[in-house]
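1. dropping the sequence and predicted coords here.
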Amino acid sequence: MSSSDQIRDPIRELIEAYALGSLDPEERAAVDAHLATGCAECTKALAESHWLVSQLAYLTPESAPSDMLRARLMQTVRAEAAAPKSQTSASSTPKSTVPLWIWSAAAAALLFALYNAHEMRSLQEKIHQMNVTLSQQFQLQQASAQQLVIARREAAILIDPKSLKIAMPAAKPGAKNDLPVLQATWSPNLGLVVSGHNLPVPSVTRTLQLWLIPKTPGGKPVPSLTLRPDANGSFELLVASPPDLPNATKALAITEEPQGGSSQPTTTPIWVGAVAGK
Amino acid sequence: MFLAVFTPADSSEVSRDAALVRRLLQRDVSAFEELYDRHSRLVYALVLRILQQATTAEEIVQDVFLQLWRNASQYDRSRGPFVPWLLTLARNRALDQLRLKSERQRRREEQAEELPPVIAIPDFEGALDEKRRAVRVREVMSSLNPQQKRAIELAYFDGLTHTEIANALNEPLGTVKSWIRNGLLRLKEGLQTAP
């Protein structure tokens, strides 16, 4: 194998992607450099690849431009076709019935109309963009307001003298050293806040769920909200209206459940915290 | 650089386009009208798929056809068949619009590469007319695994590079490269062996 063959083969493997335009800059530069040597085989392969890539246009769903576009284009084309013709006829037939100034005025009027149409479209596009931006800002504002309400409620729960502080250590014996202790604060009147840091993040098809274990002997765990730690493993969950009261609850527990949560636990608790009344 | 362009069996369509483009040089409005009616739907569908915005898509289609009308001499039959040339021109314009002021566009501007490159129809293409070829392209692409098809679509319709596609699909770069090359080779083979 000659040295040019050795260069060509890896380059040849890049030709289709080069035609597609998907090569990263370094590889693209390598292909450019090789093509600059005049390699006939790669040049032919590239031209055929350009054809192949163009066939991907047939993947598009059928769609037709508006009749307005056709009319606009034909108007422009006819006006442009007429302009040089009128000049030619003016020079060859001096007694032309249509003076040049009329053609010029018509062309100017047409250009003005086209310009106006273009400006109108641009303006409509700008208005649409502004509406989109306004809508996004409104949604952001609403989200911020909602977050503020939640933060105020959480703060009220945390400072409420009637609140119970509940530590939730890992329930599984082997995991006690690996998993962090979660903190819960439960105000009989304001609700429940559970938080934690450095938690392992469940897979995308799983979620964590809070349960209230009732004091009633044989009572089934009462499902509460699901939660998902952020990328750093932190979460803060506000349960504004817990399904039961602290004095009727023996413990809080957190299990891992399928996405969307469960009506009864499907796994054993990962964290459990005893609710001790004041 | 000259490439002999293969004349396919479906040459009447190609010849018709070439004849119409020649008439554009004489500023023949009816030739322009016929070219527009023959190809504007496909060009518009492609540009709309890339830009996802009808108003902007129509502006690009208008620019492309006005460029064709005003600079018909830019299309040289030695550069390849007309429709792939027109599609490549439209795709480049749409991607430039999509990635306005992006590095890709700056690179294009630096290179001043306004016109599509040389395009050659491979020998096998002769057996298929445009409609059957369109059906075949869809069949072959549907037979790819969904992620592989998505990778090729991201490159063609969104103008993404291998690295950008790997990030978008959360797949290894090498996998994306293989998907794209093998997918295109499969498309080539599919068009070659079309019934």
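-> Now that the structure is in, tell me what you want to look at. Numbers count the residues shown, from 1 in each chain, chains lettered A, B, ... in the order given.
2. shaky segments in chain B?
-> Applying pLDDT under 70 to chain B flags residues B:1-14, B:101-128, B:193-195.
3. and it, what are its domains?
-> Domain assignment for chain B by automatic domain parsing gives B:7-121, B:126-195.
4. ok now the last one, how far from the chain's centre?
-> Put plainly, it is domain B:126-195. 14 Å (CA atoms, centre = their mean, to the nearest Å).
5. looking at this, A:Thr185 is in a strand?
-> Yes: applying DSSP: H, G, I helix; E, B strand; the rest coil, one finds A:Thr185 inside a strand.
6. who does it form a beta bridge with?
-> A:Lys165, A:Val193 (DSSP bridges).
7. contacting residues around it?
-> A:Ile157, A:Leu158, A:Ser163, A:Leu164, A:Lys165, A:Ile166, A:Leu192, A:Val193 (CB atoms under 8 Å, 6 or more residues apart in numbering or on different chains). Backbone N, C-alpha and C define where each C-beta goes, glycine included.
8. kindly recompute the last result at 10 Å.
-> By CB atoms under 10 Å, 6 or more residues apart in numbering or on different chains, the contact list for A:Thr185 reads A:154, A:157-160, A:163-166, A:191-195.
9. closest to chain B among the residues you listed?
-> A:Ser195 (29.7 Å; CB to the nearest CB).
10. elements contacting whichever helix or strand that closest one is part of?
-> Element membership for A:Ser195, per DSSP states H and E: strand A:191-196. Counting contacts by 3 or more CB pairs under 10 Å, 6 or more residues apart in numbering or on different chains; DSSP states H and E, strand A:191-196 is packed against helix A:100-159, strand A:164-168, strand A:182-187, strand A:206-214, strand A:222-227, strand A:235-239, strand A:249-258, strand A:271-274.
11. will you turn these into CSV that also has mean pLDDT?
-> Shown next, in CSV, are those (pLDDT from 0 to 100):
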stretch, mean pLDDT
helix A:100-159, 83
strand A:164-168, 93
strand A:182-187, 94
strand A:206-214, 92
strand A:222-227, 89
strand A:235-239, 90
strand A:249-258, 93
strand A:271-274, 94
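12. can you redo those as a markdown table with distance to A:Ala29?
-> A markdown table is the format used below for the helices and strands packed on strand A:191-196 (distance: least, CB to CB, whole Å):
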| stretch | distance to A:Ala29 |
| --- | --- |
| helix A:100-159 | 36 |
| strand A:164-168 | 57 |
| strand A:182-187 | 53 |
| strand A:206-214 | 45 |
| strand A:222-227 | 49 |
| strand A:235-239 | 47 |
| strand A:249-258 | 49 |
| strand A:271-274 | 55 |
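13. which residues touch whichever residue of the stretch 151-278 of chain A sits closest to chain B?
-> Residue nearest to chain B within the stretch 151-278 of chain A (CB to the nearest CB): A:Val204, separated by 11.5 Å. Residues near A:Val204 by CB under 10 Å, 6+ apart: A:Arg228, A:Gln259.
14. measure the closest residue to A:Ala240 other than its chain neighbours to A:Pro246 for me?
-> The shortest distance from A:Ala240 to any non-neighbouring residue, by CB to CB, 6 or more residues apart in numbering or on different chains, is to A:Gly191 (4.5 Å). According to CB to CB, to the nearest Å, A:Gly191 and A:Pro246 sit 11 Å apart.
15. touching both of these two, which residues are there?
-> A:Ser163.
16. is there any residue in the longest helix that chain B contains that contacts chain A?
-> The helix that spans the most residues within chain B, counting by DSSP state H, is helix B:29-51. Yes: on the criterion CB under 10 Å from any CB of the partner chain, helix B:29-51 is in touch with chain A at B:29, B:32-33, B:36-37, B:40-50.
17. burial count for the residue nearest to A:Ala240?
-> 19 (other CB atoms under 10 Å in any protein chain shown).
18. test my guess that it contacts A:Leu245.
-> No: in this structure A:Gly191 lies outside contact range of A:Leu245 using CB atoms under 10 Å: 11.2 Å.
19. count the neighbours of A:Gln141 for me.
-> By other CB under 10 Å, neighbour count at A:Gln141 equals 10.
20. same check on A:Glu119?
-> 10.
21. and for the one 3 residues further on?
-> Each residue near A:Ser122 was counted by other CB under 10 Å, and the total is 12.
22. how much space separates it from B:Ala54?
-> Taking CB to CB, one finds A:Ser122 at 15 Å from B:Ala54.
23. ok, B:Glu130 next?
-> B:Glu130 is 24 Å from B:Ala54, by CB to CB.
24. got the buried residues for the longest helix of chain B?
-> By neighbour count with 16 or more other CB atoms under 10 Å in any protein chain shown, helix B:29-51 contains the buried residues B:29, B:31-36, B:38-51.
25. wait, A:Ser241 sits on A:Pro188?
-> No: in this structure, A:Ser241 is not within contact of A:Pro188 by CB under 10 Å, at 11.9 Å.
26. out of those two, which sits in the busier spot?
-> Comparing A:Ser241 with A:Pro188 by other CB under 10 Å, the one with more neighbours is A:Pro188, at 16 against 7.
27. any idea how far that one lies from A:Pro214?
-> The separation that A:Pro188 has from A:Pro214, given CB to CB, amounts to 16 Å.
28. may I see the buried residues of the strand holding A:Ser195?
-> Buried, per 16+ other CB under 10 Å, within strand A:191-196: A:Gly191, A:Leu192, A:Val193, A:Val194, A:Ser195, A:Gly196.
29. same deal with stretch B:68-77?
-> In stretch B:68-77, counting by 16+ other CB under 10 Å, buried: B:Leu68, B:Trp69, B:Ala72, B:Tyr75.
30. also stretch A:57-69?
-> In stretch A:57-69, the ones that count as buried by 16+ other CB under 10 Å are A:Ala57, A:Tyr58, A:Leu59, A:Thr60, A:Pro65, A:Leu69.
31. check these and tell me the two furthest apart.
-> A:Leu59 and A:Leu69 (22.6 Å; CB to CB).
32. does chain B sit close to stretch A:51-65?
-> Yes: interface with chain B: stretch A:51-65 contributes A:51-65 (CB under 10 Å from any CB).
33. for that stretch, what is the average pLDDT?
-> Taken as a whole, stretch A:51-65 has a mean pLDDT of 93.
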